[in-house]
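Chemist: with the sequence up front, the predicted model follows.
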Amino acid sequence: MNKFSNILGQSPLLESVVRSAQMIAFSDVGILIKGPTGTGKEILATAIQQSGPRAERPFIKINCATLPEGIVESELFGHKKGAFTGADTDKKGLLQAAHNGTLFLDEIDSLGLSVQAKLLRFLETGECLPVGSTQALTLDVRVISATNSNLDDKIKQGLFRSDLFFRLNIVPLELPALNQRTEDIEGLCTFYLKKFASQYGVQNAKFSTLSLKQLRGYSWPGNIRELKNLCERVSVLLPGKTLEPENLPKEFVSQLTTQNKGGISVLPEAGINLDALEADLIHQALSRTNGNRSKSARLLGISRDTLLYRIQKHALSTR
């Protein structure tokens, strides 16, 4: 069974990330998964872990931002009895729990500098020193980390160690935001609407062509998580219905209305040559990005494949 089948979508940006993840699943190389909130970083980490030789071994997942302040080091590395007030017994840390398996550290930028230094030593030597102990433990743990922050900025601000970044970032995997792969929206909607119809025992809802067009124009700040929540909501409230734009929740309609009011042009009385306008906008986008087609597509609000088709359609030079 393909363990990456839970990563839904066929856009070139996503497929490139998945191919890289499949190639490194069988190694213990350091992986840093980047991407905005809601893009599926934990799902990707799980697919990597389940595809490799440690699949049947412990898999410990932790969001570093949720670790209690003041005892983060103890949570990760464990502690000895009497190490601090309240340490009434020895405690295994998450690294010990993950011995011979995998530890997934989400939002790793939330760790303090002192814990970062200790984590770096573990990654380099395999030695884990519990709080209050003088004897290090040697552990075999694969560490996969993730962040939705710009670690370069964190390093410049003195909030993240550059040496730890380089140790974690041997193979970076960057999941694209949903608004960068809008060609996947229809397939994602179909999948989740079918899933929730089955889960709640209701008829399958579906989005009309016009609704899908509007969804492709939405910014999706919550990414796939937000789309999934939308599909669950309409499945429960509007089962079996073909959803038109007026059926979309108000936050979608209000953003789209605002976007439409802020249009970039006004139709002249004499009309326009739409093909010429489209070709000119594509040419401007390519010029602004020095011919980078992915960045140009994002500027124009279309997929890279659509941009390539329109470049060919207008016989535009990308040099």
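Modeler: The structure has been received and is ready for your questions. Numbering: from 1, shown residues only.
Chemist: contacting residues around the spatially most central residue of the chain?
Modeler: In the chain, the centroid-proximal residue (C-alpha atoms, centre = their mean) is Thr39; its distance is 3.0 Å. Going by C-beta atoms under 8 Å, 6 or more residues apart in numbering, Thr39 touches Leu175, Pro176, Ala177, Leu178, Asn223, Ile224. (Glycine included, C-beta is placed from N, CA and C.)
Chemist: any chance of those residues in JSON lines, plus pLDDT and distance to Asn2?
Modeler: Compiled in JSON lines, those are given as follows (pLDDT from 0 to 100; distance: C-beta to C-beta, whole Å):
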{"residue": "Leu175", "pLDDT": "96", "distance to Asn2": "18"}
{"residue": "Pro176", "pLDDT": "94", "distance to Asn2": "20"}
{"residue": "Ala177", "pLDDT": "94", "distance to Asn2": "24"}
{"residue": "Leu178", "pLDDT": "94", "distance to Asn2": "22"}
{"residue": "Asn223", "pLDDT": "95", "distance to Asn2": "23"}
{"residue": "Ile224", "pLDDT": "95", "distance to Asn2": "19"}
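Chemist: which single one of those is nearest to Leu308?
Modeler: Pro176 (16.8 Å; C-beta to C-beta).
Chemist: host element of the residue lying closest to Asn179 once chain neighbours are set aside?
Modeler: Setting aside the residues directly before and after it, Asn179 is nearest to Trp220 in space (C-beta to C-beta, 6 or more residues apart in numbering), at 5.1 Å. Trp220 belongs to no helix or strand when assigned by DSSP states H and E.
Chemist: just Leu308 next, same as before
Modeler: Going by DSSP H and E, Leu308 is part of helix 304-313.
Chemist: what residues of that helix count as buried?
Modeler: Neighbour-count burial for helix 304-313 flags Arg304, Leu307, Arg310, Ile311 (criterion: 16 or more other C-beta atoms under 10 Å).
Chemist: and Thr204, that's in a helix?
Modeler: I think there's a mix-up here, since residue 204 is Asn and not Thr. No - Asn204 is assigned coil when assessed by DSSP: H, G, I helix; E, B strand; the rest coil, not a helix.
Chemist: who's in contact with it?
Modeler: Neighbours of Asn204 in contact, by C-beta under 8 Å, 6+ apart: Leu193, Lys194, Ala197, Pro239, Gly240.
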